[in-house]
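Asker: Give the three-dimensional model of this entry:
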Amino acid sequence: MTGRDVIENLTISENEEKNISLLDAEDNIVSLLSPEEAGVQEEVAAPSGPLVAALTRAQAKKEAAGAEGVPSLEKMLPGVTIQSSENWQNEVILKQEKNPEISKIRLILGEKRKRKKNYKMMDGIVYRKERTGKFLIYIPSSLRVKVLENCHDSILGGHYALDKTLDLVKTVYWWPSMRNFVSHFVESCVKCQTFKPNLKKLGLLQPISSQRPFQKMACDFVELTRSSRGNCNCFVLVDLYSGFVYAVPTRQLRTVDAIKALSSLLPYVAVPEILMCDEGPEFTSKEFQDYVQKIGIKKLNVVPPAAHFSNGKAEAAIKKINNIMRNYLEDGRADWDEELPILLNTIISVKAPSSSLKKKKGTENIEEIRKSIREDVDRKKERKQAAQKRQYDKNRAHQEFEVGDKALVYFELKTQLGLPAKLQRKFRAGVVVEKDTPNTYKLRLHGQGVEGKVRRAHTALMKRFVDRRQPE
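Answerer: Numbering: from 1, shown residues only. As a prediction, this is how the structure comes out:
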């Protein structure tokens, strides 16, 4: 049974006792409307066939108006039988009679000597006159969700955003505070939330600070062409304080290759306190974690899935290596692993990374020189990181989640069961269970294929889930 089936079988009296939220395999999360918030007193009838609102924009422009600008129900239902029109007309009349506000207007309009400004009653239906002179059907609160389900959720609605959905609704209907109601309805649409990307970039920059060389390092693999020695990849290690880059060619992307490459670099670097890496199986395996603990690395920071920008130093080093290799391999050379130290020299010989590690020539006191260099590096790094943060945060919004909050997490998609990635849901629903770092959270996922799984996610790849409830 889907969420929609549940809605059709529920009455308002059942809903008034409690709010019902369901986790649905198709929609991940389906939140049912709270009639108490909506102010609905009577039972809501289940939808019966296409509604008047299910119009295309081209049909809406060609809509034929009746006397004095009052739209004709039959002409507003292209492709729908007159019986459906009569059913909808009777339903509107019934709900208008039960609505306290509209029933007062009906009484006034029913008296011949009295008139209600901007209102008109025709064929038993109350209409509201808009500024252009056109009369629109006054929809009571108990039918507004039903109207929007056809104007937004149906196949003719198209799941458009606020302005287009509101434009479609206003071709036929009116009710007070319509824009706020439609805005909340569109914002809380499960399919729009899970299929459509974030319109605004989220998550502020959190600069990674390091007080000395080799305190924090980042590692990653870069895939290259097969060399004459059989090497296909390159293990990259970056010092986050100086930007100094180390690289070792490897044959495969395995845990044993990562351990072997890191071991070969330890004689040239100090063991870092913190090592950053991505969520590749070669780094998240128990064997690699045991090795990291064995050599004295205190913490292994694993970057959340799809958040490669969190490991920025390593990604920047890989980008530089790719640029160098692209030019080197263009001539068909297959000895890149033999020339790797020389190729890396073009990266590490520049002033920024090398000056933090190398000492000046001369007879000066080494400790004084080292202290002077470190202080100079710290000042420049602080200014540079502050400038980067200002630029990065300029067009981004800050968001935080609490434990228990419902959220949607971006998933990197692949073709499944013949369905292209671009036609699949971009986000999966979950509940925040822990705040891991200032910018990452752990979530327990819900939905088909991921039910109950715990996943780490970066705040830039998350968005808050909006329950579908009527605004007060």
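
Asker: CA only for contacts and neighbour counts going forward, please
Answerer: Noted.

Asker: For residue 221, which non-adjacent residue is closest in space?
Answerer: Excluding the flanking residues, the one nearest residue 221 by C-alpha to C-alpha, 6 or more residues apart in numbering is residue 235, at 4.7 Å.

Asker: Same question for residue 106.
Answerer: residue 126 (6.9 Å).

Asker: how many other residues sit next to the one you found?
Answerer: Residue 126: 23 surrounding residues under other C-alpha atoms under 10 Å.

Asker: For it, name its beta-bridge partners.
Answerer: Here residue 126 sits in beta bridges with residue 121, going by DSSP bridges.

Asker: While we're on it, how confident is the model there?
Answerer: Note for residue 126: predicted pLDDT of 91.

Asker: do residue 75 as well
Answerer: For residue 75, the predicted pLDDT is 42.

Asker: Am I right that residue 292 falls within a helix?
Answerer: Yes. Judged by DSSP: H, G, I helix; E, B strand; the rest coil, residue 292 forms part of a helix.

Asker: Could you count how many residues lie near it?
Answerer: Neighbours of residue 292 (other C-alpha under 10 Å): 21.

Asker: distance between the helix or strand containing residue 165 and the chain's centre?
Answerer: Secondary structure assigned from DSSP states H and E places residue 165 in helix 162-169. With C-alpha atoms, centre = their mean, to the nearest Å as the basis, helix 162-169 stands 23 Å off its chain's centre.

Asker: I'd like to know how many residues surround residue 423.
Answerer: 10.

Asker: cool, residue 175 as well?
Answerer: Residue 175: 17 neighbours (other C-alpha under 10 Å).

Asker: I figured it was touching residue 138, is that so?
Answerer: Yes. The criterion here is C-alpha atoms under 8 Å, and residue 175 meets it with residue 138 at 5.6 Å.

Asker: Now tell me what touches the biggest strand by length in the chain from outside.
Answerer: Longest strand of the chain, by residue count under DSSP state E: strand 427-437. Contacts to strand 427-437, defined as C-alpha atoms under 8 Å, 6 or more residues apart in numbering, come from residues 28-29, 193-195, 401-411, 441-447, 465.

Asker: now stretch 380-400
Answerer: 200-207, 459.

Asker: for it, which positions count as buried?
Answerer: In terms of neighbour count (16 or more other C-alpha atoms under 10 Å), stretch 380-400 has its buried residues at 381, 385, 393, 400.

Asker: Distance from the chain centre to that stretch, please.
Answerer: Relative to the chain's own centre, stretch 380-400 is displaced by 21 Å; criterion: C-alpha atoms, centre = their mean.

Asker: need the strands for the stretch 301-450 of the chain, in chain order.
Answerer: 396-397, 406-410, 427-437, 440-446 (DSSP state E, counting those that start in this stretch).

Asker: Out of the ones you listed, which gets the lowest mean score?
Answerer: Among the strands of the stretch 301-450 of the chain, strand 396-397 scores lowest, at a mean of 84.

Asker: partners of that strand, with directions?
Answerer: As assigned by DSSP bridges, strand 396-397 forms pairs with strand 201-202 (parallel).

Asker: List the buried residues of the longest strand of the chain.
Answerer: Those would be 427-435, for strand 427-437 by 16+ other C-alpha under 10 Å.

Asker: Tell me the one of those residues nearest residue 370?
Answerer: Closest approach between those and residue 370, by C-alpha to C-alpha: residue 435, at 38.4 Å.

Asker: Show me what that closest one is bridged to.
Answerer: With DSSP bridges as the rule, residue 435 is bridged to residue 441.

Asker: In ChimeraX, how would I select just the buried ones from the contacts of strand 427-437?
Answerer: Remark: buried members of these, expressed as a ChimeraX selection using 16+ other C-alpha under 10 Å:
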select :28,29,193,194,195,401,406,407,408,409,410,441,442,443,444,445,446,447,465
